[in-house]
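S.K.: can you look at this prediction? I've put the sequence above it.
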Amino acid sequence: MIPITDYISQNKDRFLNELFGLIRIPSISSIAAHKPDMYRAAEYIRQALLDAGADRAALYETTGNPVTYAEKIVNPDWPTVLVYAHMDVMPVDPIDLWNTDPFDPVIIDGKIFARGADDDKGQAFMHIKAFEYLVKTDQLKCNVKFMIEGEEEIGSPTLGAFCEQHKEMLRTDVILVSDTAMIATDVPSITTGLRGLTYLQIEVTGPSHDLHSGLFGGAVANPVIILSKMLASVHDENNRITIPGFYDQVVALSEEEKALLRQAPFDVEKYKAAIGVGDVWGEKGYPVPELTGTRPTFDVCGIWAGYTGEGSKTILPAKAYAKVSSRIVPDQDHAQIANLIKEYFESIAPAQVKVAVEIMHGGPAYVCPITLPAYQAAEKAFADTFGMRPVPFRSGGSIPIVSTFEKVLGAKSILMGFGLSADGIHSPNENFPVWNFLKGIETITKFYHYFAEK
(Lines give C-alpha, C1' and ligand atoms only; values in the text may rest on other atoms or scores of the structure.)
Protein backbone atom coordinates (compact mmCIF):
# COMPACT_ATOMS: atom_id res chain seq x y z
CA MET A 1 0.00 0.00 0.00
CA ILE A 2 1.41 3.36 -1.02
CA PRO A 3 1.82 5.83 1.90
CA ILE A 4 -0.09 9.09 1.66
CA THR A 5 3.12 11.13 1.48
CA ASP A 6 4.30 9.12 -1.54
CA TYR A 7 0.88 9.41 -3.20
CA ILE A 8 0.96 13.18 -2.76
CA SER A 9 4.50 13.41 -4.10
CA GLN A 10 3.61 11.37 -7.19
CA ASN A 11 0.39 13.29 -7.91
CA LYS A 12 1.28 16.81 -6.76
CA ASP A 13 1.34 18.39 -10.22
CA ARG A 14 -1.96 16.76 -11.18
CA PHE A 15 -3.60 17.91 -7.96
CA LEU A 16 -2.52 21.50 -8.60
CA ASN A 17 -3.56 21.46 -12.26
CA GLU A 18 -7.01 20.16 -11.34
CA LEU A 19 -7.37 22.79 -8.62
CA PHE A 20 -6.31 25.50 -11.06
CA GLY A 21 -9.07 24.43 -13.45
CA LEU A 22 -11.62 25.16 -10.72
CA ILE A 23 -9.99 28.45 -9.71
CA ARG A 24 -10.14 29.71 -13.30
CA ILE A 25 -13.95 29.72 -13.11
CA PRO A 26 -14.95 33.20 -11.78
CA SER A 27 -17.71 31.93 -9.49
CA ILE A 28 -18.57 35.21 -7.75
CA SER A 29 -21.89 34.62 -6.01
CA SER A 30 -22.62 38.27 -5.20
CA ILE A 31 -22.63 39.37 -8.86
CA ALA A 32 -25.65 38.19 -10.86
CA ALA A 33 -23.74 38.14 -14.16
CA HIS A 34 -21.65 35.25 -12.80
CA LYS A 35 -24.63 32.93 -12.33
CA PRO A 36 -23.52 30.72 -15.27
CA ASP A 37 -20.10 30.43 -13.66
CA MET A 38 -21.72 29.02 -10.52
CA TYR A 39 -23.08 26.15 -12.62
CA ARG A 40 -19.72 25.66 -14.31
CA ALA A 41 -18.01 25.41 -10.93
CA ALA A 42 -20.67 23.05 -9.58
CA GLU A 43 -20.29 20.75 -12.57
CA TYR A 44 -16.49 20.85 -12.36
CA ILE A 45 -16.65 19.72 -8.73
CA ARG A 46 -19.25 17.06 -9.53
CA GLN A 47 -16.90 15.51 -12.09
CA ALA A 48 -13.92 15.80 -9.77
CA LEU A 49 -15.81 13.89 -7.07
CA LEU A 50 -16.82 11.16 -9.49
CA ASP A 51 -13.23 10.86 -10.70
CA ALA A 52 -12.09 10.63 -7.07
CA GLY A 53 -14.35 7.64 -6.43
CA ALA A 54 -17.81 8.85 -5.40
CA ASP A 55 -20.63 6.36 -6.03
CA ARG A 56 -22.81 9.19 -7.26
CA ALA A 57 -22.60 12.94 -7.64
CA ALA A 58 -25.26 15.40 -8.76
CA LEU A 59 -26.19 19.06 -8.94
CA TYR A 60 -29.20 20.05 -6.86
CA GLU A 61 -31.17 23.17 -7.67
CA THR A 62 -32.09 25.69 -5.00
CA THR A 63 -33.84 29.03 -5.26
CA GLY A 64 -30.33 30.47 -5.52
CA ASN A 65 -27.15 28.79 -6.75
CA PRO A 66 -26.78 25.03 -7.16
CA VAL A 67 -25.38 22.62 -4.57
CA THR A 68 -23.06 19.80 -5.59
CA TYR A 69 -23.76 16.65 -3.58
CA ALA A 70 -21.82 13.39 -3.73
CA GLU A 71 -21.49 10.30 -1.60
CA LYS A 72 -19.73 7.00 -1.15
CA ILE A 73 -21.53 4.57 1.13
CA VAL A 74 -18.98 1.89 1.97
CA ASN A 75 -21.08 0.20 4.65
CA PRO A 76 -24.42 1.53 5.97
CA ASP A 77 -23.47 0.36 9.47
CA TRP A 78 -20.26 2.40 9.52
CA PRO A 79 -20.04 6.04 10.69
CA THR A 80 -20.58 8.83 8.20
CA VAL A 81 -18.66 12.06 7.59
CA LEU A 82 -20.28 14.95 5.70
CA VAL A 83 -17.74 17.28 4.09
CA TYR A 84 -18.97 20.86 3.67
CA ALA A 85 -17.23 23.46 1.51
CA HIS A 86 -18.13 26.29 -0.85
CA MET A 87 -17.29 26.96 -4.48
CA ASP A 88 -18.21 30.66 -4.59
CA VAL A 89 -15.68 33.44 -4.10
CA MET A 90 -15.62 37.11 -3.18
CA PRO A 91 -15.43 39.86 -5.83
CA VAL A 92 -11.89 40.84 -6.86
CA ASP A 93 -12.20 44.62 -6.50
CA PRO A 94 -10.05 46.66 -6.35
CA ILE A 95 -8.59 44.89 -9.38
CA ASP A 96 -5.72 47.35 -9.75
CA LEU A 97 -4.23 46.13 -6.46
CA TRP A 98 -3.74 42.60 -7.76
CA ASN A 99 -0.21 41.74 -8.91
CA THR A 100 -1.53 38.88 -11.08
CA ASP A 101 -4.78 37.98 -12.80
CA PRO A 102 -7.06 36.83 -9.94
CA PHE A 103 -8.54 34.03 -12.05
CA ASP A 104 -5.30 32.84 -13.65
CA PRO A 105 -3.56 31.05 -10.75
CA VAL A 106 0.22 31.19 -10.52
CA ILE A 107 2.72 29.86 -8.00
CA ILE A 108 5.16 32.47 -6.68
CA ASP A 109 7.54 31.74 -3.80
CA GLY A 110 5.69 28.54 -3.00
CA LYS A 111 2.24 30.18 -2.83
CA ILE A 112 -0.76 29.87 -5.13
CA PHE A 113 -1.96 33.39 -5.97
CA ALA A 114 -5.59 33.62 -7.12
CA ARG A 115 -9.08 34.41 -5.89
CA GLY A 116 -10.32 31.30 -4.11
CA ALA A 117 -6.84 29.79 -3.73
CA ASP A 118 -7.50 29.50 0.02
CA ASP A 119 -11.14 30.55 0.48
CA ASP A 120 -12.43 28.03 -0.26
CA LYS A 121 -11.51 26.23 -3.47
CA GLY A 122 -8.02 25.25 -2.35
CA GLN A 123 -9.26 23.94 0.99
CA ALA A 124 -12.25 22.19 -0.61
CA PHE A 125 -9.96 20.42 -3.07
CA MET A 126 -7.84 19.06 -0.20
CA HIS A 127 -10.85 16.99 0.84
CA ILE A 128 -11.47 15.70 -2.67
CA LYS A 129 -7.86 14.55 -3.00
CA ALA A 130 -7.74 12.99 0.49
CA PHE A 131 -10.95 11.12 -0.40
CA GLU A 132 -9.39 10.02 -3.70
CA TYR A 133 -6.38 8.53 -1.93
CA LEU A 134 -8.49 6.63 0.59
CA VAL A 135 -10.74 5.20 -2.12
CA LYS A 136 -7.94 4.27 -4.53
CA THR A 137 -5.96 2.52 -1.77
CA ASP A 138 -9.04 0.83 -0.24
CA GLN A 139 -8.54 2.49 3.15
CA LEU A 140 -11.87 4.26 3.51
CA LYS A 141 -13.46 2.84 6.67
CA CYS A 142 -16.43 5.16 6.93
CA ASN A 143 -19.07 6.61 4.64
CA VAL A 144 -18.38 10.01 3.11
CA LYS A 145 -20.79 12.62 1.78
CA PHE A 146 -19.95 15.95 0.16
CA MET A 147 -22.10 19.08 0.12
CA ILE A 148 -20.43 21.95 -1.71
CA GLU A 149 -22.51 25.09 -2.07
CA GLY A 150 -22.33 28.29 -4.09
CA GLU A 151 -23.61 30.97 -1.71
CA GLU A 152 -21.39 31.00 1.39
CA GLU A 153 -19.93 34.42 0.57
CA ILE A 154 -23.43 35.92 0.56
CA GLY A 155 -24.55 34.24 3.79
CA SER A 156 -25.81 30.85 2.49
CA PRO A 157 -29.39 32.14 2.14
CA THR A 158 -30.83 28.95 0.57
CA LEU A 159 -28.70 26.21 2.15
CA GLY A 160 -30.77 25.97 5.34
CA ALA A 161 -33.86 25.12 3.29
CA PHE A 162 -31.80 22.65 1.24
CA CYS A 163 -30.73 20.89 4.44
CA GLU A 164 -34.33 20.78 5.69
CA GLN A 165 -35.49 19.35 2.37
CA HIS A 166 -32.76 16.69 2.21
CA LYS A 167 -32.32 15.76 5.88
CA GLU A 168 -32.24 12.03 5.27
CA MET A 169 -29.79 12.27 2.38
CA LEU A 170 -27.49 14.43 4.50
CA ARG A 171 -27.73 12.32 7.66
CA THR A 172 -24.28 12.12 9.22
CA ASP A 173 -22.34 11.60 12.44
CA VAL A 174 -20.12 14.64 12.00
CA ILE A 175 -19.51 17.48 9.55
CA LEU A 176 -15.97 18.24 8.42
CA VAL A 177 -15.16 21.80 7.33
CA SER A 178 -11.96 23.40 6.05
CA ASP A 179 -12.86 27.06 5.66
CA THR A 180 -10.77 28.44 8.50
CA ALA A 181 -7.13 29.15 9.27
CA MET A 182 -4.53 27.82 11.66
CA ILE A 183 -2.20 29.95 13.73
CA ALA A 184 1.01 29.17 11.80
CA THR A 185 2.68 26.35 9.93
CA ASP A 186 4.70 25.58 13.06
CA VAL A 187 1.73 26.15 15.40
CA PRO A 188 -1.12 23.95 14.14
CA SER A 189 -4.54 24.74 15.55
CA ILE A 190 -8.15 23.65 15.28
CA THR A 191 -10.88 26.27 15.30
CA THR A 192 -13.26 25.55 18.17
CA GLY A 193 -15.44 28.62 17.84
CA LEU A 194 -16.70 31.06 15.23
CA ARG A 195 -18.30 34.42 15.67
CA GLY A 196 -21.69 34.93 14.10
CA LEU A 197 -22.60 37.77 11.77
CA THR A 198 -25.27 40.26 10.91
CA TYR A 199 -24.97 42.57 7.89
CA LEU A 200 -26.96 45.70 7.11
CA GLN A 201 -27.08 48.68 4.74
CA ILE A 202 -27.88 52.19 5.97
CA GLU A 203 -29.27 54.91 3.70
CA VAL A 204 -29.46 58.54 4.81
CA THR A 205 -31.50 60.94 2.65
CA GLY A 206 -31.40 64.71 2.97
CA PRO A 207 -32.73 66.95 0.18
CA SER A 208 -34.79 65.55 -2.68
CA HIS A 209 -31.85 65.93 -5.09
CA ASP A 210 -28.18 66.95 -5.13
CA LEU A 211 -27.77 70.65 -4.38
CA HIS A 212 -25.21 73.34 -5.21
CA SER A 213 -22.88 73.40 -2.18
CA GLY A 214 -22.41 77.14 -2.45
CA LEU A 215 -26.07 78.08 -2.67
CA PHE A 216 -27.31 75.58 -0.08
CA GLY A 217 -24.28 74.59 1.99
CA GLY A 218 -24.59 75.71 5.62
CA ALA A 219 -28.37 75.77 5.56
CA VAL A 220 -29.14 72.17 4.51
CA ALA A 221 -27.90 69.12 6.41
CA ASN A 222 -25.33 67.12 4.47
CA PRO A 223 -26.26 63.38 4.58
CA VAL A 224 -22.58 62.39 4.50
CA ILE A 225 -21.80 64.39 7.62
CA ILE A 226 -24.93 63.18 9.39
CA LEU A 227 -24.18 59.54 8.54
CA SER A 228 -20.57 59.93 9.67
CA LYS A 229 -21.68 61.32 13.03
CA MET A 230 -24.20 58.52 13.47
CA LEU A 231 -21.60 55.86 12.73
CA ALA A 232 -19.07 57.48 15.04
CA SER A 233 -21.59 57.42 17.89
CA VAL A 234 -21.66 53.62 17.94
CA HIS A 235 -18.42 53.41 19.98
CA ASP A 236 -17.70 55.22 23.24
CA GLU A 237 -14.30 56.43 24.49
CA ASN A 238 -13.39 52.84 25.49
CA ASN A 239 -14.45 51.50 22.08
CA ARG A 240 -17.39 49.75 23.67
CA ILE A 241 -20.52 49.59 21.53
CA THR A 242 -23.22 52.02 22.71
CA ILE A 243 -26.27 50.39 21.09
CA PRO A 244 -28.76 49.70 23.92
CA GLY A 245 -29.06 45.99 24.73
CA PHE A 246 -26.14 45.01 22.49
CA TYR A 247 -24.21 43.11 25.18
CA ASP A 248 -27.18 41.69 27.11
CA GLN A 249 -26.77 38.10 25.84
CA VAL A 250 -22.97 37.94 25.63
CA VAL A 251 -21.57 34.95 27.55
CA ALA A 252 -18.30 35.79 29.31
CA LEU A 253 -15.40 33.37 28.97
CA SER A 254 -14.56 31.14 31.91
CA GLU A 255 -11.04 31.19 33.32
CA GLU A 256 -10.50 27.72 31.82
CA GLU A 257 -11.48 28.98 28.37
CA LYS A 258 -9.17 31.97 28.73
CA ALA A 259 -6.32 29.63 29.68
CA LEU A 260 -6.90 27.57 26.53
CA LEU A 261 -6.82 30.70 24.40
CA ARG A 262 -3.54 31.74 26.01
CA GLN A 263 -1.92 28.52 24.74
CA ALA A 264 -1.82 30.14 21.32
CA PRO A 265 1.36 32.17 20.89
CA PHE A 266 0.72 35.82 20.08
CA ASP A 267 3.16 38.66 19.50
CA VAL A 268 1.39 42.00 19.30
CA GLU A 269 4.38 43.72 17.67
CA LYS A 270 4.52 41.13 14.88
CA TYR A 271 0.74 41.39 14.53
CA LYS A 272 0.93 45.16 14.04
CA ALA A 273 3.83 44.88 11.60
CA ALA A 274 2.10 42.21 9.53
CA ILE A 275 -0.92 44.41 8.85
CA GLY A 276 0.89 47.76 8.78
CA VAL A 277 -0.74 49.53 11.74
CA GLY A 278 0.85 51.69 14.40
CA ASP A 279 -1.22 50.24 17.22
CA VAL A 280 -4.13 47.92 17.89
CA TRP A 281 -7.64 49.21 18.60
CA GLY A 282 -10.56 47.67 20.39
CA GLU A 283 -12.74 47.32 23.43
CA LYS A 284 -10.70 48.34 26.46
CA GLY A 285 -9.56 45.58 28.80
CA TYR A 286 -9.27 42.69 26.33
CA PRO A 287 -6.14 41.27 24.62
CA VAL A 288 -6.19 40.94 20.83
CA PRO A 289 -6.95 37.17 20.68
CA GLU A 290 -10.03 37.74 22.83
CA LEU A 291 -11.06 40.81 20.85
CA THR A 292 -10.95 38.92 17.56
CA GLY A 293 -12.33 35.61 18.74
CA THR A 294 -14.66 36.14 21.68
CA ARG A 295 -15.98 39.74 21.69
CA PRO A 296 -18.72 41.22 19.48
CA THR A 297 -17.99 44.05 17.05
CA PHE A 298 -19.52 46.76 14.90
CA ASP A 299 -17.67 47.67 11.69
CA VAL A 300 -18.24 49.89 8.68
CA CYS A 301 -17.49 47.77 5.60
CA GLY A 302 -18.15 50.45 3.02
CA ILE A 303 -19.33 54.05 2.79
CA TRP A 304 -20.16 56.16 -0.25
CA ALA A 305 -21.97 59.30 -1.39
CA GLY A 306 -21.76 62.31 -3.66
CA TYR A 307 -19.22 62.87 -6.40
CA THR A 308 -16.11 60.64 -6.39
CA GLY A 309 -14.98 60.95 -10.00
CA GLU A 310 -11.99 62.77 -11.45
CA GLY A 311 -11.68 66.48 -10.75
CA SER A 312 -14.17 68.40 -8.64
CA LYS A 313 -17.92 68.88 -8.48
CA THR A 314 -19.26 71.17 -5.79
CA ILE A 315 -22.43 69.48 -4.60
CA LEU A 316 -24.25 68.75 -1.40
CA PRO A 317 -25.31 65.11 -2.02
CA ALA A 318 -28.89 64.01 -1.51
CA LYS A 319 -27.97 60.59 -0.13
CA ALA A 320 -25.24 58.78 1.76
CA TYR A 321 -24.85 55.04 2.29
CA ALA A 322 -22.93 52.66 4.50
CA LYS A 323 -22.66 48.89 4.66
CA VAL A 324 -22.08 47.69 8.22
CA SER A 325 -21.45 44.35 9.87
CA SER A 326 -21.55 43.08 13.41
CA ARG A 327 -19.66 39.97 14.48
CA ILE A 328 -21.56 38.33 17.31
CA VAL A 329 -20.67 35.78 19.98
CA PRO A 330 -22.54 33.20 22.08
CA ASP A 331 -25.41 33.69 23.07
CA GLN A 332 -26.25 36.70 20.91
CA ASP A 333 -29.01 36.23 18.35
CA HIS A 334 -28.10 37.65 14.94
CA ALA A 335 -31.67 38.67 14.10
CA GLN A 336 -32.09 40.43 17.44
CA ILE A 337 -28.78 42.27 17.03
CA ALA A 338 -29.75 43.33 13.50
CA ASN A 339 -32.97 44.79 14.83
CA LEU A 340 -31.16 46.57 17.66
CA ILE A 341 -28.81 48.19 15.13
CA LYS A 342 -31.72 49.15 12.89
CA GLU A 343 -33.68 50.65 15.77
CA TYR A 344 -30.63 52.54 17.02
CA PHE A 345 -29.93 54.30 13.72
CA GLU A 346 -33.61 55.11 13.22
CA SER A 347 -33.84 56.52 16.75
CA ILE A 348 -30.81 58.83 16.52
CA ALA A 349 -31.63 60.24 13.09
CA PRO A 350 -32.03 64.04 13.29
CA ALA A 351 -35.13 65.70 11.83
CA GLN A 352 -33.17 67.04 8.84
CA VAL A 353 -32.75 63.57 7.26
CA LYS A 354 -34.60 60.31 6.69
CA VAL A 355 -32.90 57.00 7.56
CA ALA A 356 -33.67 53.60 6.02
CA VAL A 357 -31.92 50.47 7.29
CA GLU A 358 -31.97 47.22 5.31
CA ILE A 359 -31.13 43.97 7.12
CA MET A 360 -29.27 41.87 4.55
CA HIS A 361 -28.11 38.56 6.05
CA GLY A 362 -26.58 36.92 9.10
CA GLY A 363 -26.06 33.82 11.20
CA PRO A 364 -25.31 32.71 14.77
CA ALA A 365 -21.99 31.99 16.49
CA TYR A 366 -20.73 28.42 16.95
CA VAL A 367 -18.69 26.54 19.57
CA CYS A 368 -17.32 22.99 19.25
CA PRO A 369 -16.54 21.04 22.47
CA ILE A 370 -13.00 19.62 22.50
CA THR A 371 -14.35 16.48 24.19
CA LEU A 372 -16.06 15.30 21.02
CA PRO A 373 -14.59 12.04 19.64
CA ALA A 374 -14.43 13.64 16.18
CA TYR A 375 -12.48 16.59 17.57
CA GLN A 376 -10.07 14.19 19.25
CA ALA A 377 -9.64 12.35 15.93
CA ALA A 378 -8.74 15.65 14.27
CA GLU A 379 -6.37 16.44 17.13
CA LYS A 380 -4.53 13.13 16.64
CA ALA A 381 -4.38 13.70 12.88
CA PHE A 382 -2.66 17.08 13.32
CA ALA A 383 -0.30 15.61 15.91
CA ASP A 384 0.70 12.91 13.40
CA THR A 385 1.40 15.19 10.46
CA PHE A 386 2.67 18.33 12.22
CA GLY A 387 4.51 16.58 15.04
CA MET A 388 2.68 18.47 17.79
CA ARG A 389 -0.74 18.71 19.39
CA PRO A 390 -2.87 21.44 17.80
CA VAL A 391 -3.98 24.43 19.85
CA PRO A 392 -7.76 24.86 20.25
CA PHE A 393 -8.49 28.33 18.92
CA ARG A 394 -11.50 30.62 18.46
CA SER A 395 -11.69 32.42 15.14
CA GLY A 396 -13.11 35.88 14.61
CA GLY A 397 -14.57 34.87 11.26
CA SER A 398 -18.05 33.58 10.56
CA ILE A 399 -19.50 30.59 8.73
CA PRO A 400 -23.19 31.16 9.48
CA ILE A 401 -24.34 27.86 8.02
CA VAL A 402 -22.34 25.83 10.58
CA SER A 403 -24.83 26.64 13.34
CA THR A 404 -27.67 25.82 10.96
CA PHE A 405 -26.14 22.38 10.43
CA GLU A 406 -26.27 21.70 14.14
CA LYS A 407 -29.87 22.86 14.38
CA VAL A 408 -31.20 21.14 11.25
CA LEU A 409 -28.97 18.06 10.88
CA GLY A 410 -28.20 17.54 14.55
CA ALA A 411 -24.48 17.19 13.93
CA LYS A 412 -21.45 19.09 15.17
CA SER A 413 -18.84 20.49 12.78
CA ILE A 414 -15.09 19.99 13.11
CA LEU A 415 -13.25 23.01 11.69
CA MET A 416 -9.95 21.72 10.28
CA GLY A 417 -8.59 24.78 8.50
CA PHE A 418 -5.17 24.95 6.85
CA GLY A 419 -5.10 28.58 5.72
CA LEU A 420 -3.02 31.30 7.29
CA SER A 421 -3.90 34.82 8.38
CA ALA A 422 -1.40 36.08 5.80
CA ASP A 423 -3.30 34.45 2.91
CA GLY A 424 -5.26 37.63 2.19
CA ILE A 425 -8.67 36.02 1.79
CA HIS A 426 -11.32 38.49 0.54
CA SER A 427 -8.48 40.84 -0.44
CA PRO A 428 -6.31 41.47 -3.50
CA ASN A 429 -3.51 38.91 -3.96
CA GLU A 430 -5.25 36.12 -2.07
CA ASN A 431 -2.87 33.18 -1.80
CA PHE A 432 -2.46 29.71 -0.33
CA PRO A 433 0.92 28.05 0.35
CA VAL A 434 1.37 24.86 -1.66
CA TRP A 435 2.87 23.29 1.47
CA ASN A 436 -0.36 23.91 3.40
CA PHE A 437 -2.45 22.52 0.54
CA LEU A 438 -0.49 19.28 0.48
CA LYS A 439 -0.20 19.03 4.27
CA GLY A 440 -3.96 19.46 4.46
CA ILE A 441 -4.51 16.46 2.19
CA GLU A 442 -2.19 14.37 4.36
CA THR A 443 -3.84 15.43 7.63
CA ILE A 444 -7.39 14.87 6.40
CA THR A 445 -6.58 11.25 5.48
CA LYS A 446 -5.30 10.74 9.05
CA PHE A 447 -8.56 12.17 10.41
CA TYR A 448 -10.56 9.47 8.66
CA HIS A 449 -8.30 6.79 10.12
CA TYR A 450 -8.73 8.00 13.69
CA PHE A 451 -12.42 8.83 13.29
CA ALA A 452 -13.19 5.30 12.06
CA GLU A 453 -11.34 3.91 15.07
CA LYS A 454 -13.49 5.98 17.46
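M.R.: Sure, I can see it. None of these values were measured; they are calculated from a predicted model. Residues are numbered from 1 along each chain as shown.
S.K.: residues in contact with stretch 201-209?
M.R.: 216, 220-223, 226-227, 230, 316-324, 345, 349, 352-358, 360 (C-beta atoms under 8 Å, 6 or more residues apart in numbering). For every residue, glycine as well, the C-beta is placed using N, CA and C.
S.K.: span of that stretch from start to end?
M.R.: The straight-line separation of the ends of stretch 201-209 (C-alpha to C-alpha, to the nearest Å) is 20 Å.
S.K.: over to stretch 162-181?
M.R.: 27 Å.
S.K.: try stretch 147-163
M.R.: Start-to-end, stretch 147-163 (C-alpha to C-alpha) is 10 Å.
S.K.: roughly how far does Val408 sit from Ala58?
M.R.: 20 Å (C-beta to C-beta, to the nearest Å).
S.K.: then Ala322?
M.R.: Ala322 is 41 Å from Ala58, by C-beta to C-beta.
S.K.: in the stretch 151-300 of the chain, which spans are helices?
M.R.: With helices called from DSSP state H, counting those that start in this stretch, the stretch 151-300 of the chain shows them at 159-165, 213-216, 223-232, 255-261, 268-275, 288-293.
S.K.: ok so, going back, among the contacts of stretch 201-209, which lie within helices?
M.R.: 216, 223, 226-227, 230, 345 (DSSP state H).
S.K.: filter those down to the buried ones.
M.R.: Neighbour counting by 16 or more other C-beta atoms under 10 Å classes 223, 226-227, 230, 345 among the ones in helices among the contacts of stretch 201-209 as buried.
S.K.: among those residues, which one lies nearest to Pro188?
M.R.: The closest of these to Pro188 turns out to be Phe345 (C-beta to C-beta; 42.2 Å).
S.K.: my guess is that closest one contacts Met230. True?
M.R.: Yes - using C-beta atoms under 8 Å, Phe345 is in contact with Met230, at 6.1 Å.
S.K.: any residues in contact with both of these two?
M.R.: 202, 355.
S.K.: ok, the buried ones among the ones in helices among the contacts of stretch 201-209 vs Pro76, which is closest?
M.R.: Phe345 (53.2 Å).
S.K.: touching the helix or strand bottoming out on mean pLDDT in the chain from outside, list them.
M.R.: Counting by mean pLDDT, DSSP states H and E, the chain has its least confident helix or strand at helix 255-261, which shows a mean of 83. Contacts to helix 255-261, defined as C-beta under 8 Å, 6+ apart, come from residues 253, 289-290, 293-294, 392-394.
S.K.: farthest-separated two in those?
M.R.: Of all pairs in the contacts of helix 255-261, the most separated under C-beta to C-beta is Glu290 and Pro392 at 14.2 Å.
S.K.: where does the stretch 151-300 of the chain dip in pLDDT?
M.R.: Across the stretch 151-300 of the chain, nothing is flagged by pLDDT under 70.
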